[in-house]
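*Asks:* Please work out how this folds:
(one chain, ligands or ions: 1)
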Amino acid sequence: MIVVENLHFAYNGREVLRGIDLTMGKEILALVGPNGSGKTTLAKHLNGLLKPLRGSVLVDGLDTREHTVAELSGKVGYVFQNPEHMFFEESVFEEVAFGPKNLGLDDKEIEERVRWALQAVGLEGFEERTPYSLSGGEKQRLAIACVLAMKPKYLILDEPTTGLDLKAERSVVEVIKSLRESGHGILLITHDMDLVLELAERVVLLDDGRKAFDGPVEEFFELELEEYSLELPELLELARGLGVGFVRSVEELMEVLR
Ligand code: ADP
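*Replies:* Numbering: from 1, shown residues only. As a prediction, this is how the structure comes out:
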């Protein structure tokens, strides 16, 4: 469990997180809100990249103030936006092996972790490719594999599908679903309300450094989203127009209409 209590944080004296309380377990939690509302700043507290000004962040009981990012990386993995800027090795294998090598693991364990992580994201067979030769969706999945190789329980995915075409987006969505099934907790930072509708179990909405909503996805979509510069997914507009309640997918809508 990740437990955030009364978290305050400021950049150069300007407060951008103003008393956040949050718990997260093995679930897909979408973190949404207007630009500048504090999503990335909050997420960076969960793996210790930033430390609270006031309040606390506990990851499975570990206080992030008392542990380094390296120590916490075995618990919380952070997949940054535009991950291609982070690749620097010559092959996919070496890229994924980088983290485990830094942990000082032996070669056999490193190899096992790399193979396992590449398989988890559907990139087996890509070991010898150079990361720069991958497509957008493959790069995103490689970035997830690099983080997975550290065996974290929780994953933070920052806009994982932004800029991807439909096929690549689908491949990343499938990886997220299978990670959830294998028992990971996932914090999904996104502006894409269709993605929230498809994947999220719970939604936390930030507005100006405060939590404006925290609850089930069904209730989130009952909010006046325009107030937060967010849009209702077309599927839910349509369902509303048809007098149908909350549905997750076109298939579900068809089922209700039948
Ligand atoms: P979001 O992810 O919701 O867009 P951020 O957490 O990136 O929000 O930013 C919250 C606020 O903090 C914004 O006003 C942003 O300009 C400011 N901010 C973010 N990073 C820095 C930084 N490194 N230095 C100073 N201000 C920052």
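
*Asks:* Any stretches of the stretch 1-150 of the chain with poor pLDDT?
*Replies:* Scanning the stretch 1-150 of the chain for pLDDT under 70 picks out nothing.

*Asks:* Please, where are all the helices along it?
*Replies:* With DSSP state H, counting those that start in this stretch as the criterion, the stretch 1-150 of the chain has helices at 39-46, 69-72, 92-102, 107-120, 136-148.

*Asks:* Out of the ones you listed, which gets nearest to the ligand?
*Replies:* Nearest to the ligand among the helices of the stretch 1-150 of the chain is helix 39-46 (3.3 Å), distances taken as Cβ to the nearest ligand atom. In this view, the C-beta of every residue, glycine as well, is placed from N, C-alpha and C.

*Asks:* just to revisit the earlier point, how about the helices of the stretch 1-150 of the chain in JSON lines, adding mean neighbour count and distance to the ligand?
*Replies:* Output for the helices of the stretch 1-150 of the chain, formatted as JSON lines (neighbours: other Cβ atoms under 10 Å; distance: least, Cβ to the nearest ligand atom, whole Å):
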{"stretch": "helix 39-46", "mean neighbour count": "22", "distance to the ligand": "3"}
{"stretch": "helix 69-72", "mean neighbour count": "16", "distance to the ligand": "16"}
{"stretch": "helix 92-102", "mean neighbour count": "20", "distance to the ligand": "24"}
{"stretch": "helix 107-120", "mean neighbour count": "17", "distance to the ligand": "27"}
{"stretch": "helix 136-148", "mean neighbour count": "24", "distance to the ligand": "18"}
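
*Asks:* Indicate which one of these is closest to residue 193.
*Replies:* Minimum separation from residue 193 across the helices of the stretch 1-150 of the chain (Cβ to Cβ) falls at helix 39-46, 14.4 Å.

*Asks:* Next, the residues that contact stretch 103-116 from outside, please.
*Replies:* Applying Cβ atoms under 8 Å, 6 or more residues apart in numbering, the contact partners of stretch 103-116 are 74, 93, 96, 97, 100, 101, 124, 127, 148, 149, 150, 151.

*Asks:* which residues does the residue in the stretch 101-250 of the chain positioned nearest to the ligand contact?
*Replies:* Nearest residue of the stretch 101-250 of the chain to the ligand, counting by Cβ to the nearest ligand atom: residue 206, 6.3 Å away. For residue 206, the contact set (Cβ under 8 Å, 6+ apart) comprises 20, 31, 32, 33, 37, 38, 39, 42, 212.

*Asks:* which one of those is nearest residue 7?
*Replies:* Proximity of the contacts of residue 206 to residue 7 was ranked by Cβ to Cβ; the top entry is residue 20 with 4.3 Å.

*Asks:* Counting neighbours, what do you get for residue 14?
*Replies:* Applying other Cβ atoms under 10 Å, we find 8 other residues in the vicinity of residue 14.

*Asks:* Can you check what angle separates the longest helix seen in the chain from helix 136-148?
*Replies:* Looking across the chain with DSSP state H, the single longest helix is helix 166-181. Between helix 166-181 and helix 136-148, the angle comes out at 20 degrees (axes from the mean of the first three to the mean of the last three Cα atoms, to 10 degrees).

*Asks:* buried stuff in helix 166-181?
*Replies:* Across helix 166-181, burial judged by 16 or more other Cβ atoms under 10 Å covers 168, 169, 171, 172, 173, 175, 176, 179, 180.

*Asks:* which is the next helix or strand following it?
*Replies:* Note on helix 166-181: by DSSP states H and E, the next helix or strand toward the C-terminus is strand 185-189.
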